[in-house]
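A.B. asks: Okay, here's the prediction I keep looking at, along with the sequence it came from:
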Amino acid sequence: LNPNLIYCSITGFGQTGPSSERAGYDAMIQGEGGLMSITGVANGEPMKAGVALTDIMTGLYCSNAILAALMARNHIDKGQYIDIALLDVQVSTLANQGLNYLATGNNPKRQGNAHPNIVPYQTFNTSDGIIMLAIGNDTQFRKFCQLVEQPELADNPNFQTNEQRVINRESLIEHLSNILLSQPTAWWINQLETLDIPCGPINTLQEVFNHSQIKHRNLVRKIPDNCSKQIYTIASPINLSETPLQYRTAAPNLSEHCEQILSSELGYDSEKIQHLRENGIVS
């Protein structure tokens, strides 16, 4: 092999270890890697994420690793082999929940949409729907208490700091749940955003793709497909100031570039390509 070559493999369990020969797919890795054990409602069954999250994160780690290897090649004058495993990525992305276990020895419990280390940081029912309320610090909590005309809550020793709010989560959430039922979601969002308190609705995908911010950021693109039609695709979230991404064509159809590749890259003439087609080697 060319010693400057950088190449990367992605497998379920990596190239070494007792599980290295096993096959691996996203959902099973979410289970075996611990994500499902902390996802879902309390006392409910473990749940997987709504998309193939481990697969997506693995691709991102892979691209980072390749970029790191490219930078390293400038210093060590050689390429290297990169071993990426879905299971490794899943464990790495346990983030604060993984550290919660390592620090205490206690298995984190499923808490639905509630944050394990910050309170109140979860969904609440409103008079007409659901809101995600993400109060991330004591200042924001005090502002919220003033908004709902209960400033004494912020001075209550049981709720004065986030540490105390986590300890007394159950009683505080019960109290706040009743308060948030008093107004519709839009009213709460308007009031909370005025005070710079993070919050948001729970949108359907239809609502997401009709969102004014999503439209402004051009996250839906029209590109020509191979039948002279326009198709929609979701754009990359990467925005480069000098070399913006281009969306020129859709994914090719099966064997669309077969003849072009065989002739230009391998030097096959039309007769040889036709022979391959007749024998079912290419389509």
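C.D. replies: Nice, thanks for sending it over. Numbering: from 1, shown residues only.
A.B. asks: which residues of the protein fall in strands?
C.D. replies: Read by DSSP state E, the chain holds these strands, from start to end of the chain: 7-11, 81-85, 121-125, 130-134, 199-201, 220-224, 230-234.
A.B. asks: who does the fourth one touch, helix- and strand-wise?
C.D. replies: It stands for strand 130-134. Using 3 or more Cβ pairs under 8 Å, 6 or more residues apart in numbering; DSSP states H and E as the contact definition, the elements that strand 130-134 packs against are strand 121-125, helix 185-194, strand 199-201. Every C-beta, even on glycine, is put in place using the N, C-alpha and C of the backbone.
A.B. asks: In it, which residues are buried?
C.D. replies: Buried residues in strand 130-134, counting neighbours by 16 or more other Cβ atoms under 10 Å, are found at Ile131, Met132, Leu133, Ala134.
A.B. asks: for Trp188, what are its contacts?
C.D. replies: Thr126, Ile131, Leu133, Leu180, Cys199 (Cβ atoms under 8 Å, 6 or more residues apart in numbering).
A.B. asks: From those, pick the one nearest Val166.
C.D. replies: Ranked by distance to Val166 (Cβ to Cβ), the contacts of Trp188 are led by Leu133 at 15.3 Å.
A.B. asks: Grab the nearest non-local neighbour of the closest one.
C.D. replies: Spatial nearest neighbour of Leu133, chain neighbours left out: Cys199 (5.1 Å); criterion: Cβ to Cβ, 6 or more residues apart in numbering.
A.B. asks: The one you found reaches Ile189, doesn't it?
C.D. replies: Yes - here Cys199 lies in contact with Ile189, judged by Cβ atoms under 8 Å, at a distance of 5.7 Å.
A.B. asks: Find the residues that touch each one of those two.
C.D. replies: Common contacts of Cys199 and Ile189 (Cβ under 8 Å, 6+ apart): Ile131.
A.B. asks: ranges for the helices of this structure?
C.D. replies: Assigned by DSSP state H, the helices in the chain fall at 26-32, 53-76, 86-92, 95-104, 138-147, 152-155, 162-167, 169-180, 185-194, 205-209, 212-216, 258-264, 270-278.
A.B. asks: In TSV: the helices and strands packed on strand 130-134, plus distance to Gly112.
C.D. replies: Shown next, in TSV, are those (distance: least, Cβ to Cβ, whole Å):
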stretch	distance to Gly112
strand 121-125	7
helix 185-194	18
strand 199-201	17
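A.B. asks: can you list those in CSV and add mean pLDDT and distance to Ile223?
C.D. replies: As requested, the helices and strands packed on strand 130-134 are exported to CSV (pLDDT from 0 to 100; distance: least, Cβ to Cβ, whole Å):
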stretch, mean pLDDT, distance to Ile223
strand 121-125, 98, 36
helix 185-194, 98, 34
strand 199-201, 98, 30
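A.B. asks: Nearest to Ile173, out of those?
C.D. replies: Nearest to Ile173 among the helices and strands packed on strand 130-134 is strand 121-125; the distance by Cβ to Cβ comes to 7.4 Å.
A.B. asks: and the residue nearest to Gln191 when sequence neighbours are not counted, what is it in contact with?
C.D. replies: With Cβ to Cβ, 6+ apart as the measure, Leu147 is the residue that lies nearest to Gln191, at 5.9 Å, once sequence neighbours are left out. The contact partners of Leu147, by Cβ under 8 Å, 6+ apart, come to Gln191, Leu192, Leu195, Ile197.
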